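Student: structure, please.
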Amino acid sequence: MSCCIQSGEAFAKIANHVNADELTNEGRIIWSEVEAYYSRDPLAERCDEELLSNAVKRRITNPKHVAMFEQLVNTFSTCEVSVPNVVTDFIETKKEHIGSKLATALSGGKPEEVKELMDLYHEWDTKDDLGEEDPDEVEVGICLDKLSEEYASENLIKMYPKSLNDNLRGGMKRGHNVIVFARPEMGKTMFVVNTMFGMIKQGLTTLYVGNEEPIGDIQCRLLSRLFQVEVETILANKSAWYERAAECGADKVKWKQLSPGTPREIERLCAKHKPDVLIVDQLRNIIPSKGDNFTQQLEGAAKGIRNIAQRHDLLAVNITQAGASADGKGILEMTDVDSSNTGIPAQADLMIGIGATEDDASCNRRVLSLCKNKRGGNHAFFNVGVIPQFSTLKSM
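Tutor: Numbering: from 1, shown residues only. Reported below is the predicted structural model:
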């Protein structure tokens, strides 16, 4: 804690590997404010003791505990620390903790946990530092070999349905940030489910982070999309459909419910599970820091997810709401995003608006509008067909 408070560089190295659940109650309160401090100012060299102490004290409801927390922050802020030695000790402590869990799994006869923990232990055993690269290192010149590899069709992540992918020059690159927006009942969840179906077909690992609908509801809709059958049929013969789901790669989707969730929590999940694709459903429920108004929070959340996409070399797909201006419209524009029609678009590499006129809705059609398209360049809009009961979008 002292190391991270006194060194923004140390925080950047350690933070993604800290599990707040393993801290004491006091530690969790102080750590959350340290995270918030660096989230607001990622370039800060250290936490200001007075500002951090004030933020922590505002969290304390019992006046008797204020002095204790004030003393803790003071101690953490002033004791001498050696960053390289703390990082080494952190790695050894992690290994010790994982080793203890591994011993428990071995004695309990849990082979799946054993394999996962052995892989994790090996990962930490080979670390000698938590920094991935020299922060001052720069690329020199333009490497065409690297660019041709990044843009090769086999390395692009395809989007579904096909008509969408065709407008994206064959797919999206890792590191890109996609924002999908629509009015309620226009098909945001259907788009998410259809996207997960597409990622399963490509053999990609998807991390779904949900903070609105129960995850069980989304899982049922994904099963319906995979097999084009009603979920009741699947649940009536669970064992048979479970095997089919496993065979087609449904276990490549990892699920996490957050209420509401922060970029830091999502980044820890990405660091641990290493997905190819991150889906955040919904962006408006992500709280990057306290004190900001809702518009600032939306922009901060979009920026946080974009940074995660770039740092972890994954494709991020975010879902958010369209404002009332999108009611009854087929073709949507950037300004139809609810509450943040400048901040959110600024953080997107691709923006997809899902709209429908009354006639479209009655004919099971939706209009996909590429309001922002750094990948394909064209700002097309086109119809897609929908099969709501199977959460399917299809080219027309």
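
Student: from now on I want contacts and neighbour counts done on CA atoms only, so please keep to that.
Tutor: Will do.

Student: who does the longest strand anywhere in the chain pair up with?
Tutor: For the chain, the strand that runs over the most residues, judged by DSSP state E, is strand 365-373. Sheet pairing for strand 365-373, assigned by DSSP bridges, gives strand 350-355 (antiparallel), strand 381-387 (antiparallel).

Student: quickly compare these and say which is most buried.
Tutor: strand 350-355 (a mean of 27; mean count of other C-alpha atoms under 10 Å).

Student: distance from that strand to the middle of the chain?
Tutor: With C-alpha atoms, centre = their mean, to the nearest Å as the basis, strand 350-355 stands 19 Å off its chain's centre.

Student: pLDDT of the longest strand of the chain, averaged?
Tutor: In this model, strand 365-373 carries a mean pLDDT of 97.

Student: surely residue 121 and residue 98 touch.
Tutor: Yes: between residue 121 and residue 98 there is a contact under C-alpha atoms under 8 Å: 6.2 Å.

Student: what sits up against the longest strand of the chain?
Tutor: 168, 186, 330-334, 345, 348-356, 360, 378-386 (C-alpha atoms under 8 Å, 6 or more residues apart in numbering).

Student: just stretch 166-180 next, same as before
Tutor: 150-151, 153, 155-159, 165, 188, 276, 305-306, 309-320, 347-354, 373, 375-378, 380.

Student: and with 6 Å instead?
Tutor: For stretch 166-180, contacts defined as C-alpha atoms under 6 Å, 6 or more residues apart in numbering pick out 156-159, 165, 306, 309-310, 313-319, 348-353, 375-376.

Student: what subset of those is buried?
Tutor: Among those, the ones that count as buried by 16 or more other C-alpha atoms under 10 Å are 156-159, 165, 306, 309, 313-319, 348-353, 375-376.

Student: mind checking which of these are in helices?
Tutor: 165, 306, 309 (DSSP state H).

Student: show me the shaky parts of the stretch 51-200 of the chain.
Tutor: 128-129, 131-136 (pLDDT under 70).

Student: all the strands of it, residue numbers only.
Tutor: 177-182 (DSSP state E, counting those that start in this stretch).

Student: thinking again about what came up before, how distant is the longest strand of the chain from the center of its chain?
Tutor: 23 Å.

Student: quick one, it and strand 177-182 angle?
Tutor: 140 degrees (axes from the mean of the first three to the mean of the last three C-alpha atoms, to 10 degrees).

Student: please renumber so the chain begins at 609
Tutor: Okay, using 609 as the starting number, the last item reads as strand 973-981.

Student: please save the CA atoms from strand 973-981 in CSV.
Tutor: Provided in CSV are the C-alpha atoms of strand 973-981 (Å, rounded to 0.1, in the frame of the first residue of the first chain):
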residue,chain,number,x,y,z
ARG,A,973,-36.1,-5.4,-39.7
ARG,A,974,-33.5,-3.1,-38.0
VAL,A,975,-31.2,-0.5,-39.6
LEU,A,976,-27.5,-0.6,-38.6
SER,A,977,-25.9,2.9,-39.0
LEU,A,978,-22.1,3.1,-38.9
CYS,A,979,-22.0,6.6,-37.4
LYS,A,980,-18.2,6.4,-36.9
ASN,A,981,-16.1,3.9,-38.8
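
Student: ok, of the ones in helices among the buried ones among the contacts of stretch 774-788, which one's closest to residue 998?
Tutor: Closest approach to residue 998 among those (C-alpha to C-alpha): residue 773, at 20.6 Å.

Student: next, the contact list for that closest one, please.
Tutor: So residue 773 contacts 767, 779 (C-alpha under 6 Å, 6+ apart).

Student: that one and residue 764, how far apart?
Tutor: 10 Å (C-alpha to C-alpha, to the nearest Å).

Student: then residue 803?
Tutor: Distance from residue 803 to residue 764, by C-alpha to C-alpha: 14 Å.

Student: give me the nearest residue to residue 622, chain neighbours excluded.
Tutor: residue 738 (6.8 Å; C-alpha to C-alpha, 6 or more residues apart in numbering).

Student: and residue 904, what helix or strand is that in?
Tutor: helix 902-919 (DSSP states H and E).

Student: quick one, that helix and strand 785-790 angle?
Tutor: Going by the same axes, to 10 degrees, helix 902-919 makes 140 degrees with strand 785-790.

Student: which residue ranges make up the domains of the protein?
Tutor: With domains defined by automatic domain parsing, the chain comprises 610-733, 758-1003.

Student: the shortest one: how far from the chain's middle?
Tutor: The one in question is domain 610-733. On C-alpha atoms, centre = their mean, the centre of domain 610-733 falls 21 Å from that of its chain.

Student: start to end distance for it?
Tutor: For domain 610-733, the end-to-end distance is 24 Å (C-alpha to C-alpha).

Student: now do the helices in the stretch 759-908 of the chain.
Tutor: Along the stretch 759-908 of the chain, counting by DSSP state H, counting those that start in this stretch, helices occupy 770-774, 796-809, 823-835, 839-844, 846-855, 871-881, 902-919.

Student: tell me which of those helices lies nearest to residue 1003.
Tutor: Using C-alpha to C-alpha, those put helix 770-774 closest to residue 1003, at 5.4 Å.

Student: what's the offset of the closest one from the middle of its chain?
Tutor: The answer for helix 770-774 is 24 Å, by C-alpha atoms, centre = their mean.

Student: buried residues, it. List them.
Tutor: Here helix 770-774 shows 770-773 as buried, counting by 16+ other C-alpha under 10 Å.
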